[in-house]
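Trainee: Model the following, please.
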Amino acid sequence: MRNGLFRKFFARGSSVVKQATVQLMAALLVVMLPILPLSAQVLVGQQNTNSQHARQVQDLIRRVEASYQSGITNYNANRLDAARLDFDFAVDTMLSSGMDLKNDPVLSDEFDSLLSRINSLEIVALKQGNGFSPKVEAAPAENAAEVTFAANPALVGKVTLELKTTQSDLPLAINEYVAGWIDAYSNSQARRAHLKASLERAGKYKDMIEKILRDNGVPQDLIYQAITESGFQPQALNARSGAAGMWQFMPFGNYGLERNGYFDERFDPEKSTIAYAKYMKILYGMFGDWYLAMAAYDWGPGNVQRVVARTGYADYWELYRHNALPAETMAYIPSVIAAVIMAKNPEQYGLTDLTPEPAVLSDTVTTNYAISLPLVADLTGSTVQDIVALNPAMLRLSTPPDRSYDLHIPPGTTDIFETRLKDFPEENRASWRFHIVKDGETLDQIAESLHAHSSQVAEFNDVTAAKPLEAGDELIVPIAASAATTGQTHYTTRRSDTLVTVADRFGVTVQQLRAWNHLSSNRIVPGRTLNVAEPIRMAPSSRASRRARRGSHSSRGSHALTTGGKSRPGARSGSHATAPHSSHPSSTTHSSTKKSSSTKPKKH
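Mentor: Residues are numbered from 1 along each chain as shown. This is a model prediction of the structure:
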């Protein structure tokens with residue numbers, strides 16, 4: 001009977017056994033603890049404390065991640081206010097937990113990761129919020145693990161024959177997993193559209209990427225990894241992980257890509273490609289296998305090293321067959337191989353109607369001052385959209401002040417840009433504008449369109465009744481710094497106003513208001529007109545001298561202004577093989593070296 005009871009008990013499953021064992025051990029400890037040596041009692045106490053702390057840490061992380069995931073849901077649904085509340089709650093939950101976030105390595109990593117992921121979302125919202133950056137489709141690697149397929153021996157046989165004539169500097173394995181991805185790209189309308197759009201976008205960066213891969217001694221066909229990562233979109237972002245850019249680098253880790261409040265080099269196609277090529281070379285040196293190197297790029301080298309050590313298989317396909325990898329990493333490499341095979345055999349897969357986008361072209365000028373992108377567009381005869389497209393790493397419509405930055409402008413416009421820029425005091429380049437008078441335009445119309453004052457425009461450009469505007473005149477349009485965003489330079493005070501409330505309303509300081517209005521105290525009376533932006537007093541060169549200068553530039557500068565930022569052959573020697581496109585941001589060759597910061601390959 002006793003044996004029957006034991007059999008019935010154990011037949012309930014290992015979880016019951018485990019629970020009973022834990023309860024029995026706990027009871028024994030309670031009984032034995034008083035008779036154990038003091039050192040053993042201390043050890044048991046430490047183990048209990050450590051176990052309790054670990055449970056508290058995991059519970060805190062679970063609650064924080066639940067709040068963050070709620071924020072992601074609201075963010076993706078464009079409920080940004082709700083998302084912000086979720087993100088704030090996640091951060092506040094950690095800060096108010098009473099636990100040591102700095103010295104506990106698990107909590108420290110979670111807190112850093114949380115802040116980095118939230119910051120990445122804020123960066124993208126900032127970029128798209130300026131009204132000039134296009135909406136970017138989700139990175140395809142985000143849902144790579146969702147692809148399911150049945151075995152298709154016929155397709156495997158067909159592709160096996162194709163590989164006999166397919167040249168690639170990557171090993172191209174064919175099996176049911178790769179065949180499944182070929183089938184998905186061929187028969188899923190959404191995935192086929194993504195593949196075609198990616199291969200067309202690749203034309204903008206192909207020459208640049210292949211040169212960097214070649215210079216770093218890694219396979220040229222690694223270019224197709226960008227299809228899975230971002231679809232060749234420089235501003236792609238994985239909302240869940242914070243991975244960003246064409247190669248989906250994470251916002252932490254040291255890979256030579258700088259991030260600050262003005263730019264994020266993960267979004268720079270060339271600089272991120274350099275970081276990608278160097279890192280892939282390091283990973284190949286670690287594993288000696290390109291498939292494992294790609295798996296490490298997706299999942300992290302430490303994770304791959306541990307799973308190889310645990311299983312004894314230093315082979316990606318063996319790890320795949322033993323289900324030793326995350327679902328996304330298991331889908332990742334087959335999707336890249338499938339893209340390579342299909343791109344190299346376009347006739348067999350109906351990809352002959354592709355029209356690659358033209359390579360991006362630009363000139364590069366180095367700034368060490370703040371200049372607004374609207375002024376850059378004015379000076380080069382292009383549009384703000386063109387300038388934003390040429391500088392996808394920029395987070396604001398201005399270059400950073402007090403530091404060097406490589407700014408990309410339409411091809412052939414460097415000379416006219418630098419010549420016109422000389423008329424603008426450095427401290428006013430972030431707010432002033434430039435305008436060439438068209439037939440029929442009046443001074444008032446020009447001033448109103450640029451949120452300026454016609455009297456100031458007239459004074460700065462020597463426009464009088466005796467010297468009226470003429471078509472083709474180049475005008476410097478002074479705009480006060482705060483007026484550049486508000487369009488307002490004066491304010492009439494009301495009964496409830498104070499200098500503090502007026503300063504807050506216009507984004508200036510009380511000290512500035514007192515200086516601009518010659519006030520000896522903070523007292524103001526209702527009905528007084530205040531300067532709420534710095535009065536403009538400094539005059540540049542005269543309109544007459546600019547008119548004379550225009551004649552000397554017309555023969556060599558006009559062609560650049562008519563082409564704007566569009567791709568064209570025969571750019572000047574300082575140009576680089578990259579150019580803007582109306583619907584997708586792009587970048588150019590950069591030569592300066594920036595300070596390294598925290599970035600690492602993406603992890604979804």
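Trainee: which outside residues touch stretch 279-288?
Mentor: With CB atoms under 8 Å, 6 or more residues apart in numbering as the test, stretch 279-288 has contacts from 216-218, 222, 255, 290, 292-294, 296-297, 301, 304-305, 314, 601. Quick note: C-beta positions are derived from backbone N, CA and C, even for glycine.
Trainee: mind listing the helices for the stretch 51-200 of the chain?
Mentor: With DSSP state H, counting those that start in this stretch as the criterion, the stretch 51-200 of the chain has helices at 80-95, 105-129, 153-163, 176-187, 189-201.
Trainee: ok, of those, where does mean pLDDT dip lowest?
Mentor: Across the helices of the stretch 51-200 of the chain, helix 105-129 has the smallest mean pLDDT, namely a mean of 75.
Trainee: Contacts only, for Q225.
Mentor: With CB under 8 Å, 6+ apart, Q225 has these contacts: W247, M294, Y297, V336.
Trainee: Check which element follows the strand or helix carrying the last one along the chain.
Mentor: When you say that, I think you mean V336. Using DSSP states H and E, V336 maps to helix 327-344. The first helix or strand that comes after helix 327-344 along the chain, using DSSP H and E, is strand 363-367.
Trainee: which stretch among the helices of the stretch 51-200 of the chain comes nearest A275?
Mentor: Evaluated with CB to CB, those place helix 105-129 nearest to A275, the distance being 16.4 Å.
Trainee: Torsion angles phi and psi at Y491?
Mentor: phi -150, psi 130 (degrees, to the nearest 10).
Trainee: I'd like to know which of the helices of the stretch 51-200 of the chain is closest to E459.
Mentor: helix 105-129 (35.1 Å).
Trainee: My guess is S97 contacts I61. True?
Mentor: No: using CB atoms under 8 Å, S97 makes no contact with I61, being 10.2 Å away.
Trainee: what sits up against stretch 83-95?
Mentor: With CB under 8 Å, 6+ apart, stretch 83-95 has contacts from 60, 63-65, 67-68, 70-72, 74-75, 101, 107, 110-111, 114-115, 118, 121.
Trainee: can we see that at 10 Å?
Mentor: Stretch 83-95 has contacts (CB atoms under 10 Å, 6 or more residues apart in numbering) with 60-61, 63-77, 79, 101, 107, 110-111, 114-115, 117-119, 121-122, 125, 239.
Trainee: Which of those residues are buried, as a ChimeraX select command?
Mentor: Command for ChimeraX that selects the buried part of the contacts of stretch 83-95, burial taken from 16 or more other CB atoms under 10 Å:
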select :60,61,64,67,68,70,71,72,74,75,101,107,110,111,114,115,117,118,121,239
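Trainee: Now for the closest residue to G245 other than its chain neighbours: which residues touch it?
Mentor: Sequence neighbours aside, R266 is the residue nearest to G245 in space, at 3.8 Å (criterion: CB to CB, 6 or more residues apart in numbering). By CB under 10 Å, 6+ apart, the contact set of R266 is 120, 123, 234-237, 242-251, 255, 257-259, 272, 275, 393, 599, 602.
Trainee: Any quick ChimeraX command for the buried ones out of these?
Mentor: Per 16+ other CB under 10 Å, the buried members of the contacts of R266 correspond to this ChimeraX selection:
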select :120,123,234,235,236,237,242,243,244,245,246,247,248,249,250,251,255,257,258,259,272,275,393,599,602
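Trainee: What about the contacts of Q225, which are in helices?
Mentor: Those of the contacts of Q225 mapping onto helices are M294, Y297, V336, per DSSP state H.
Trainee: Closest one to V532 out of these, please.
Mentor: Y297 (51.8 Å).
Trainee: so that closest one touches Y276, yeah?
Mentor: Yes: counting by CB atoms under 10 Å, Y276 is a contact partner of Y297 at 8.3 Å.
Trainee: and for these two, which residues touch both?
Mentor: L222, Q225, E229, W247, Q248, P601.
Trainee: And the nearest residue to the fourth one once chain neighbours are set aside, what's its pLDDT?
Mentor: Among residues not flanking W247 along the chain, Y276 sits closest, at 4.1 Å (CB to CB, 6+ apart). Listed pLDDT for Y276 reads 98.
Trainee: ok, now the one 10 residues further on?
Mentor: M286 is assigned a predicted lDDT (pLDDT) of 97.
Trainee: Can I take it that it is in a strand?
Mentor: No: under DSSP: H, G, I helix; E, B strand; the rest coil, M286 sits outside any strand and is assigned helix.
Trainee: how near is it to Y279?
Mentor: Distance, M286 to Y279, using CB to CB, to the nearest Å: 11 Å.
Trainee: More neighbours: those two, which one.
Mentor: Y279 (23 against 13; other CB atoms under 10 Å).
Trainee: With N254 as the reference, measure out to that one.
Mentor: Taking CB to CB, one finds Y279 at 11 Å from N254.
Trainee: Same check on R117?
Mentor: Taken as CB to CB, the span from R117 to N254 is 18 Å.
Trainee: Same check on R84?
Mentor: On the measure of CB to CB, R84 and N254 end up 29 Å apart.
Trainee: What is the end-to-end distance of stretch 87-106?
Mentor: 19 Å (CA to CA, to the nearest Å).
Trainee: Which one's more surrounded, R84 and N254?
Mentor: More crowded of R84 and N254, by other CB under 10 Å: R84, with 17 against 10.
Trainee: Okay, now the unreliable bits of this structure?
Mentor: 1-48, 120, 122-135, 137-151, 481-488, 507, 534-604 (pLDDT under 70).
Trainee: redo that, cut-off 50
Mentor: Applying pLDDT under 50 to the chain flags the ranges 1-22, 24, 28-31, 33, 538-540, 554-600, 604.
Trainee: Show me the strands in it, by range?
Mentor: For the chain, the strands defined by DSSP state E occupy 249-254, 363-367, 405-409, 433-436, 474-477, 490-492, 529-531, 598-601.
Trainee: Of those strands, which is nearest D415?
Mentor: Short answer: strand 363-367, nearest of these by CB to CB, at 9.3 Å.
Trainee: Which other helices and strands does the closest one contact?
Mentor: helix 373-380, strand 405-409, helix 414-421 (3 or more CB pairs under 10 Å, 6 or more residues apart in numbering; DSSP states H and E).
Trainee: gap between the shortest one and the chain center?
Mentor: Spelled out, it's strand 405-409. 18 Å (CA atoms, centre = their mean, to the nearest Å).
Trainee: Send over it as PDB, restricted to the C-alpha atoms.
Mentor: The C-alpha trace of strand 405-409 is given here as PDB (Å, rounded to 0.1, in the frame of the first residue of the first chain):
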ATOM      1  CA  TYR A 405      30.400  69.200 -37.400                       C
ATOM      2  CA  ASP A 406      30.500  67.900 -41.000                       C
ATOM      3  CA  LEU A 407      27.400  69.400 -42.700                       C
ATOM      4  CA  HIS A 408      26.300  68.000 -46.000                       C
ATOM      5  CA  ILE A 409      24.900  70.400 -48.700                       C
END
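Trainee: May I see the buried residues of it?
Mentor: Result for strand 405-409 [16+ other CB under 10 Å]: buried residues Y405, D406, L407, H408, I409.
Trainee: ok, so of the residues you listed, who is nearest I174?
Mentor: When those are compared against I174 (criterion: CB to CB), the nearest one is H408, at 41.5 Å.
Trainee: hang on, the closest one packs against V360?
Mentor: Yes: the pair H408 / V360 is scored as a contact, 8.8 Å apart, by CB under 10 Å.
Trainee: ok so, going back, of the ones in helices among the contacts of Q225, closest to V510?
Mentor: Y297 (52.4 Å).
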